[in-house]
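J.: using only what follows, build the 3D model:
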Amino acid sequence: MEDFEIFGFIITEQVQLAAIFIGLVVFVGNCKLFAKADLPFWTVFVPFLNIMTAMKLVGRPIWHAWLFLTPAVVYLLPKTLIEIAQSFGKHKTSDYVLVLIFNVFYVLNLGLSYDEVYEGPVYQASQKKVSTDNFNMA
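T.: Residues are numbered from 1 along each chain as shown. Below you'll find the predicted structure:
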């Protein structure tokens with residue numbers, strides 16, 4: 001590898017190797033995360049399909065992945081990260097704060113940790129809870 005320049009910044013060989021290593025760890029962590037949820041792990045390598053698979057992981061409709069291409073991503077990304085944590089049984093406030101601050105590393109921890117178990121999608125469960133309530137006044 002040779003050093004190269006982007007926008008006036010010189011990218012050294014060490015930075016390139018570090019980026020490749022971090023990228024491999026991220027891909028392996030996400031593959032393990034999807035495998036724990038019995039979803040196809042190879043979708044991690046397809047750019048937009050991985051977001052659609054993440055929507056399946058939390059139980060959201062597939063079309064919600066298209067919202068990531070709009071300004072709604074400002075609201076949807078933190079919400080999806082929290083729902084991923086909830087899908088693995090993390091329901092404490094401290095878990096929500098950690099997933100919002102250390103988002104990528106927290107999701108990697110969920111995927112790479114042997115102790116974490118996928119409990120199922122949470123978005124559908126919250127929608128069913130609202131729809132099954134009986135609003136009869138009689």
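J.: any low-confidence regions in the chain?
T.: Applying pLDDT under 70 to the chain flags the ranges 125-138.
J.: strands along that one, start to end?
T.: Assigned by DSSP state E, the chain shows strands spanning 4-6, 9-11.
J.: need the residues that contact the lengthiest helix in the chain.
T.: Assignment by DSSP state H gives helix 13-36 as the longest helix of the chain. Defining contact as C-beta atoms under 8 Å, 6 or more residues apart in numbering, one finds that helix 13-36 is touched by 1-3, 40-45, 50, 53, 57, 84, 104, 107-108, 110-112, 116-118. Any C-beta I mention is one placed from the backbone N, CA and C, and that applies to glycine too.
J.: next: stretch 95-107.
T.: Residues from elsewhere that reach stretch 95-107 (C-beta under 8 Å, 6+ apart): 26, 29-30, 33, 78, 81-82, 84-85, 90.
J.: buried subset of those, written for PyMOL?
T.: Here is the PyMOL selection string for the buried members of the contacts of stretch 95-107, based on 16 or more other C-beta atoms under 10 Å:
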select buried, resi 26+29+30+33+81+82+84+85+90
